[in-house]
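Novice: Okay, here's the prediction I keep looking at, along with the sequence it came from:
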Amino acid sequence: MTSTLILVGGFLGAGKTTLLLQAAKQLAARGLRTALVTNDQGNALVDSALATQQHVPVVEVAGGCFCCRFPDLLGGLQQLQATIAPEVILAEPVGSCTDLMATVVRPLHALHGQEFSLAPLTVMLDSTRSLAGYSEEVGYLYYQQLAEAEIIALSKADLLDPEQIAGAALKYKNLYAPVKVCPLSGHTGAGIAAWLDLVLATTSQASKILAIDYQRYAEAEAQLGWLNTCGVLRGQAPFSVQNWIAHFLRLLDVALGQHKAAIAHLKLQAVSGEACFKVSLTQSGGALSWDLCPSGVRGDCVEFVLNARVHTTPRVLEQAVRRTFAEVTPEPEFQYEFAHFECFAPLPPQPTYRMDG
Ligand SMILES: Nc1nc2c(ncn2[C@@H]2O[C@H](COP(=O)(O)OP(=O)(O)OP(=O)(O)O)[C@@H](O)[C@H]2O)c(=O)[nH]1
Ligand SMILES: [Mg+2]
């Protein structure tokens, strides 16, 4: 069988998972079997947990980006075809990954074109994000991601007024021509059907190959601290789960701010009994963005998954997270244990294939 593969890249926190989970729902409503591939440099992913919670079939490519783990990506795609035979597969590369056209789109098309029809490469852009606090290298990576887009999905359109949307669309159309710009909102759903119509009706030209400096790209990734953890938190008495999450993230934001460590994306999923919470913070000092927040939940046991991507060293990030846990959940009222804890800076990208000819 041939599945349509829709690859959606873009910087950390731009709104990829939110869009893809909404898209999965809309595709199901169109009668199309759909699955998702998530991707990360590490393990224990909020995105995969969220997809499972929303009943979207998901496979995970962990421990490296799609380009460096191409055999794992292919294995995941083929596993989906063998098990649920999806007409459409949505795939989200790591938010610090670029050069997808040469390392993922072209190799899949050249070597597995019978199995996968490649939709135009979509890159998400959150134009509400400020790059203040990021180094030149991370800025370089950010703009390289946009430069290879065949479609720029201008995300979080609900936070912009119509003039801002029109201005941004014109700006990016000119800067990254030829490119289509699709303003959309993963929150209101506006623009998603039009974007889906476009990616389902056309295929990638696979022609926008970056002249990218891999050393700068590697430096940019190495400047990002990456932390994935999951575990269980218990209280002696029931407590407000929402308050605990909000308090934890606010204190972590402050702790990171003291080190001038710019937040790219903090995301936390917490489950207490039947209740599931998911919240993100995509900018230092920004507002918490609640994706799942049932009201009035009190519990004495919470299972959590925390993913943090921050412009700082792994040491600073790990200390900030451990200290914040200790401060927000002091013994003896609380006890917590980590079932998994990893903190690192991504290694230099070494793609399995790079087809730039
Ligand atoms: N207001 C608004 N918020 C959005 C929109 N899309 C995403 N968000 C919020 O932005 C936060 C980050 O979104 P994600 O979808 O997790 O971003 P991502 O690109 O998958 O992030 P990474 O996986 O870390 O690269 C979440 O809290 C979302 O609810 C949108 O269209 N409007
Ligand atoms: Mg995501």
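Specialist: Cool, got the structure. Ligands and ions are numbered 1, 2, ... in the order given.
Novice: Please identify the buried residues of stretch 269-287?
Specialist: 269-272, 275-284, 286 (16 or more other CB atoms under 10 Å). To be clear about C-beta, it is placed using only N, CA and C from the backbone, and glycine gets the same treatment.
Novice: ok, of these, which one's closest to Arg250?
Specialist: Compare each of these with Arg250 using CB to CB and the shortest gap goes to Leu281, at 8.8 Å.
Novice: for the closest residue to Asn43 other than its chain neighbours, what are its contacts?
Specialist: Nearest residue to Asn43 in three dimensions, chain neighbours excluded: Ala62, at 4.9 Å (CB to CB, 6 or more residues apart in numbering). When the contact criterion is CB atoms under 8 Å, 6 or more residues apart in numbering, the partners of Ala62 are Asn39, Asp40, Gly42, Asn43, Leu45.
Novice: Next: Gly9.
Specialist: With CB under 8 Å, 6+ apart as the criterion, the residues that contact Gly9 are 16, 92-93, 95, 97-98, 100, 121-124, 145, 149.
Novice: Enumerate the beta-bridge partners assigned to it.
Specialist: The residues listed as beta-bridge partners of Gly9 by DSSP bridges are Val123.
Novice: what's the distance between Leu233 and ligand 2?
Specialist: Relative to ligand 2, Leu233 is positioned 23 Å away (criterion: CB to the ion, to the nearest Å).
Novice: Find the nearest non-adjacent residue to the residue in the chain positioned nearest to ligand 2, please.
Specialist: Across the chain, the shortest distance to ligand 2 (CB to the ion) belongs to Thr17, at 3.3 Å. For Thr17, the nearest residue in space outside its immediate sequence neighbours is Asp47; the separation is 4.6 Å by CB to CB, 6+ apart.
Novice: can you count the residues close to the one you found?
Specialist: 24 (other CB atoms under 10 Å).
Novice: mind listing what it touches?
Specialist: Neighbours of Asp47 in contact, by CB under 8 Å, 6+ apart: Thr17, Thr38, Asp40, Glu92, Lys267, Asn307.
Novice: Return the subset of those residues lying in strands.
Specialist: When the contacts of Asp47 are checked against strands (DSSP state E), the matches are Thr38, Lys267, Asn307.
Novice: could you say which helix or strand contains the residue nearest to Thr17?
Specialist: Secondary structure here is read from DSSP states H and E; on that basis Asp47 sits in helix 46-53.
Novice: Retrieve the pLDDT associated with the residue nearest to Thr17.
Specialist: Taken from the predicted model, the pLDDT recorded for Asp47 is 94.
Novice: can you check Ala44 too?
Specialist: Taking Ala44 on its own, its pLDDT is 84.
Novice: Same question for Met355.
Specialist: Reading off the confidence values, Met355 has pLDDT 98.
Novice: quick one on the thing from earlier: weed out the non-buried ones from the contacts of Ala62.
Specialist: With burial judged by 16+ other CB under 10 Å, the buried subset of these is Asn39, Asp40, Gly42, Leu45.
Novice: Domain map for the protein?
Specialist: In terms of domains, the chain is parsed into 3-221, 223-344 (source: automatic domain parsing).
Novice: For Gly357, which of those domains is the nearest?
Specialist: domain 3-221 (8.8 Å).
Novice: Quick check: end-to-end length of the closest one?
Specialist: Its first and final residues considered, domain 3-221 spans 31 Å by CA to CA, to the nearest Å.
Novice: Please apply the same query to stretch 90-110.
Specialist: Between the opening and closing residues of stretch 90-110 lies a distance of 19 Å (CA to CA).
Novice: near ligand 1, anything from that stretch?
Specialist: Yes. Interface with ligand 1: stretch 90-110 contributes Gly95 (CB under 6 Å from any ligand atom).
Novice: and this protein, which residues reach ligand 2?
Specialist: With CB under 5 Å from the ion as the criterion, the chain meets ligand 2 at residues Lys16, Thr17, Asp47.
Novice: Of those, which ones also sit close to ligand 1?
Specialist: Restricting the residues of the chain next to ligand 2 to those adjacent to ligand 1 (criterion: CB under 6 Å from any ligand atom) gives Lys16, Thr17, Asp47.
Novice: which element is Gln22 on?
Specialist: helix 16-29.
Novice: how about the helices of the stretch 251-357 of the chain, start to end?
Specialist: Using DSSP state H, counting those that start in this stretch, the helices found in the stretch 251-357 of the chain span residues 314-328.
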